[in-house]
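**Student:** pasting a predicted model and its sequence here:
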Amino acid sequence: VAGVTAAVNPEASAIDRSGKARLISLGDPVVRNHRIETSGAGLVQILLADGTSFTVGPNSSVVIDSFVYDPEKNTAALAATMTKGALRFIGGKASKASGNVTIKTPIGTAGIRGAVVDINLSGQTPDGQPLPPHMTLVYGKEVQLTGNGAPQRLFKQGFSIVAGDGQPRVQRTPPQWVSGLQQVLAGRPGQSGGASNAPTEQTVASSPVAESNSARLPSENVIPVPTPRPVATTPVEEVASASQRDVGTRPQVPAGPANPTVPVDPVDPEPDAPWDGSAQATAYIDINGNVSFRPVSGTLTVAQNGNFTGTFGQLGLVSLQKPVGTETLTQTNVSGTIGSLGSVSGTAYTGSGDFIAYFLESDDSSDPVYIVGGKAAEAREVFSPGQVYRYAVERDPINGGASIGGVQVPFYDDGNFLAGESTPMRASASDLYVGGVSGNGVAARLLQGSISISGDGTTQRSRIQVMAGSFKETAGAYKMTGRVSGSYQTSNPSSNSGQAGYVETLGNGAGTDQVFGANGEYLVLGSGKMYDIEDRLDGYDTVQVASRNDNVTTAASRSFTGEIGGFSSGAATNMWTDNTELFTGTATFTFNQAGGTFDGGIYSDSSNYFADFLGGENYDGYEEVYLTDQLIAAVDSSGEAYMVSSAVVPARIFNGNTSSDICNSCEFMTWGWWGKASGPESIYSVHLGNWIIGKQPENSALPTSGTAT
């Protein structure tokens, strides 16, 4: 027995393995592997021993495949199958841990952690319009859908995974979807939730329910009533509160034996531990006369005057204005004092999960100080495999930076990415793309690109910059490290390589993953020159906050596997003679879908001009990122080589500078830019070369008959 029925509106039946059906009544046991089916007027609420509940709607079919509950260890695991209809799942003990609750459906397998989830396979809006099959995160932490197409993940309430024609996708939940399911689960007028007699006001007043329920302490109840959820303002969040109410009217409490004893845990997901004040300052530190740019850890606490205070190693006592906490990224001017520096002032960013990031300068020396704190999120949970997230990078409030069309160019500290091109016509700067992956010590991979082309002919100038990186496990925590490279051309035929650089995340110094926010919405990114990566004597060139835009999260559609070849071309400039010659060659890459990476190279037919991108985690200085078939980037920081797909940096260079598409209906191929510096292995540099790869159709996919004109 897995649990009991807490409310029933007939007709609802339990069908055993032999196919024998019995009508379900209030308080009946729910047996594993028995199929529960409802008619067009049927509703069933199932209560399991760990506090989990299912509210099964009309015309639905659900089976509890397995249920294991250990009250002594306070652990549980649940597997169920739903083949039709609609239900609301409210997690108990089993859903507290990731991977312990799975529900198989025709649209895939849902993995649920600490959440209230609606699954609607054949629903309608209140006005009778059909709805696509979908599942909605009503409240709580997470739901993932796997099995049919690319994996999808929800971690924010008010969003749904929608199936149907094509790939499952994530979208904001329309209000009519919520109200439609709420109407279905509310039952029809005249139903009594399984009570033998419909309750009246008199029966409720004379009922002994108060003696065993609301008039007693929750710990003394036979079946504690789940605590109500906080009432929020949006339609979806209101459902989270409504989901705690019984389906239909409350049943009459019988005077005889007590209901079956089922220990019920409140269904709210267990709250996360609060931020403990851990923070890390990065600044110029003087240790015995050796001044270098390094991190020091400390703890921020709130003083009586409302300021944040704490001691950070050689920096001494810190006292800073504490901005008002916010749930979205907010920028505030602040001031304060730091023991070794005196008065400081600058900018503070705040956000969900107690996120705080100070960008400060000493009033005397203008030396920068960066202090990052807040509760760290877990990278493996934030970055789900099969999803691509986009983070907008903020302008560095101390060092400034460049922008294209109002979009910040990350990891670049000059005022203009390329003077003369200020409009996003033949120029673009992408968001920071992040995709969850599976692999050895890597939680996610990241890429970003910026391009600008100005002028024509011999007066044309251009610049490109590419970043590729990964969240790797270091000393038990995930930290992002990335490499930056690019090239620029100021006049024909002189071609020059951009300075190789590095990017890394800043953490709170507590040995936790370096991603912040209630759901991993924020990153703090420091960048600098490649030759400073070990000692960082010169500090960061830029430090920038990145915030995620959940409205543009997409599926990671990766179909490339194994070796894929294609075409390459470029204009190679001899470092000794400045002569430039055009060439053609090959591009060959070997892709790792699960790991979101690849390796390979770009070669000329004569092998004189080449760029190697060595995959694997054992090659220092190389980063190769494969998020989707159209989002690809790689950097070799030692050879100052780069490659990036055109979808990352869409410049309108086709059809009279009106389109960034090389052709119509060209989804079968991927093209992009590449370049390299001259050096010991090759005296040639390349700026804005091209590469094209694509999947060749199988023989069976080619037509064997027909005509063409």
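**Tutor:** Received, thanks.

**Student:** what about stretch 125-141, start to end distance?
**Tutor:** For stretch 125-141, the first-to-last residue distance is 26 Å (C-alpha to C-alpha, to the nearest Å).

**Student:** which helices and strands does the longest helix along the chain pack with?
**Tutor:** Longest helix of the chain, by residue count under DSSP state H: helix 175-185. Judged by 3 or more C-beta pairs under 8 Å, 6 or more residues apart in numbering; DSSP states H and E, the packing partners of helix 175-185 are strand 86-90, strand 108-120, strand 134-146, helix 235-242. Backbone N, C-alpha and C define where each C-beta goes, glycine included.

**Student:** for it, give the mean pLDDT please.
**Tutor:** Helix 175-185 carries an average pLDDT of 81.

**Student:** count the neighbours of the residue lying closest to R558 once chain neighbours are set aside for me.
**Tutor:** In space, and not counting its chain neighbours, R558 is closest to Q593: 4.7 Å by C-beta to C-beta, 6 or more residues apart in numbering. Residues contacting Q593 under the criterion other C-beta atoms under 10 Å number 17.

**Student:** surely Q593 touches A556?
**Tutor:** No - the criterion here is C-beta atoms under 8 Å, and Q593 misses it with A556 at 9.2 Å.

**Student:** residues in contact with the residue nearest to R558?
**Tutor:** Q593 makes contact with 558-561, 626 under the criterion C-beta atoms under 8 Å, 6 or more residues apart in numbering.

**Student:** by mean pLDDT, show me the worst of the helices and strands packed on helix 175-185.
**Tutor:** Minimum mean pLDDT among the helices and strands packed on helix 175-185: helix 235-242, a mean of 44.

**Student:** tell me the strands beside whichever helix or strand comes after that helix, with direction?
**Tutor:** Next along the chain after helix 235-242, taking DSSP states H and E as the criterion, comes strand 278-287. Using DSSP bridges, strand 278-287 pairs in its sheet with strand 290-299 (antiparallel), strand 368-373 (antiparallel).

**Student:** isn't V372 right up against G507?
**Tutor:** Yes - under the criterion of C-beta under 8 Å, V372 is in contact with G507, at a separation of 6.7 Å.

**Student:** spell out which residues are contacts of both of those two.
**Tutor:** Common contacts of V372 and G507 (C-beta under 8 Å, 6+ apart): Q280.

**Student:** tell me the contacts of the residue lying closest to W177 once chain neighbours are set aside?
**Tutor:** Spatial nearest neighbour of W177, chain neighbours left out: L131 (6.1 Å); criterion: C-beta to C-beta, 6+ apart. Going by C-beta under 8 Å, 6+ apart, L131 touches 120, 122-125, 177, 180.

**Student:** how does it look with 10 Å?
**Tutor:** 86, 120-125, 160, 162, 164, 174, 176-177, 180-181 (C-beta atoms under 10 Å, 6 or more residues apart in numbering).

**Student:** just the buried members of these?
**Tutor:** 86, 120-121, 123-125, 160, 162, 177, 180-181 (16 or more other C-beta atoms under 10 Å).

**Student:** nearest to T102, out of those: which one, please.
**Tutor:** L121 (16.3 Å; C-beta to C-beta).

**Student:** in this structure that closest one contacts I103, no?
**Tutor:** No - using C-beta atoms under 10 Å, L121 is not in contact with I103; the gap is 11.3 Å.

**Student:** give me the common contacts of those two.
**Tutor:** Counting by C-beta under 10 Å, 6+ apart, the residues touching both L121 and I103 are 82, 87, 135.

**Student:** and the second one, how far is that from V116?
**Tutor:** What that stands for is L87. 11 Å (C-beta to C-beta, to the nearest Å).

**Student:** now the common contact residues for the two.
**Tutor:** S53.

**Student:** break the protein down into its structural domains.
**Tutor:** In terms of domains, the chain is parsed into 1-271, 278-373, 379-549, 562-699 (source: automatic domain parsing).

**Student:** for G509, list the residues it contacts.
**Tutor:** G509 makes contact with 278-282, 295-299, 312, 371-373, according to C-beta under 10 Å, 6+ apart.

**Student:** hmm, back to that, now the strands paired with strand 278-287 in CSV, with mean pLDDT and mean neighbour count?
**Tutor:** Output for these, formatted as CSV (pLDDT from 0 to 100; neighbours: other C-beta atoms under 10 Å):
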stretch, mean pLDDT, mean neighbour count
strand 290-299, 88, 16
strand 368-373, 97, 25
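
**Student:** and those: which comes nearest K529?
**Tutor:** Counting by C-beta to C-beta, K529 lies closest to strand 290-299 out of these; the figure is 12.2 Å.

**Student:** next structured bit after the closest one?
**Tutor:** The helix or strand immediately downstream of strand 290-299 is strand 301-302, counting by DSSP H and E.

**Student:** distance from stretch 60-68 to the middle of the chain?
**Tutor:** The chain centroid and the centroid of stretch 60-68 are separated by 30 Å, computed with C-alpha atoms, centre = their mean, to the nearest Å.

**Student:** please apply the same query to stretch 158-167.
**Tutor:** On C-alpha atoms, centre = their mean, the centre of stretch 158-167 falls 17 Å from the chain's centre.

**Student:** what's the end-to-end length of that stretch?
**Tutor:** 20 Å.

**Student:** pull stretch 474-493 out as CSV, backbone CA atoms only.
**Tutor:** Taking C-alpha atoms only, stretch 474-493 is exported to CSV below (Å, rounded to 0.1, in the frame of the first residue of the first chain):
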residue,chain,number,x,y,z
THR,A,474,38.2,23.1,-9.0
ALA,A,475,38.9,22.1,-5.4
GLY,A,476,35.4,20.7,-5.0
ALA,A,477,33.5,23.7,-6.5
TYR,A,478,32.6,24.8,-10.0
LYS,A,479,34.3,27.9,-11.3
MET,A,480,34.2,29.3,-14.9
THR,A,481,37.4,29.9,-16.7
GLY,A,482,37.5,31.1,-20.3
ARG,A,483,39.8,32.2,-23.1
VAL,A,484,39.5,35.3,-25.3
SER,A,485,41.0,35.9,-28.7
GLY,A,486,40.3,37.9,-31.9
SER,A,487,41.7,39.9,-34.7
TYR,A,488,41.4,43.3,-36.2
GLN,A,489,42.3,45.1,-39.5
THR,A,490,42.9,48.8,-39.6
SER,A,491,43.9,49.1,-43.3
ASN,A,492,44.4,46.8,-46.2
PRO,A,493,46.4,44.6,-46.3
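
**Student:** give me every residue that touches V437.
**Tutor:** 383-386, 443-445, 470-471, 556, 558, 592-597, 625-627.

**Student:** just the buried members of these?
**Tutor:** For these, buried by 16+ other C-beta under 10 Å: 383-386, 443-445, 470-471, 556, 558, 592-593, 595-597, 625-627.

**Student:** which of those residues fall within strands?
**Tutor:** 443-445, 470-471, 592, 597, 625-627 (DSSP state E).

**Student:** in JSON lines, list the residues you listed along with distance to P151.
**Tutor:** As requested, these are exported to JSON lines (distance: C-beta to C-beta, whole Å):
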{"residue": "A443", "distance to P151": "15"}
{"residue": "A444", "distance to P151": "14"}
{"residue": "R445", "distance to P151": "16"}
{"residue": "S470", "distance to P151": "19"}
{"residue": "F471", "distance to P151": "18"}
{"residue": "N592", "distance to P151": "17"}
{"residue": "T597", "distance to P151": "18"}
{"residue": "V625", "distance to P151": "18"}
{"residue": "Y626", "distance to P151": "16"}
{"residue": "L627", "distance to P151": "14"}
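
**Student:** that'll do, ta.
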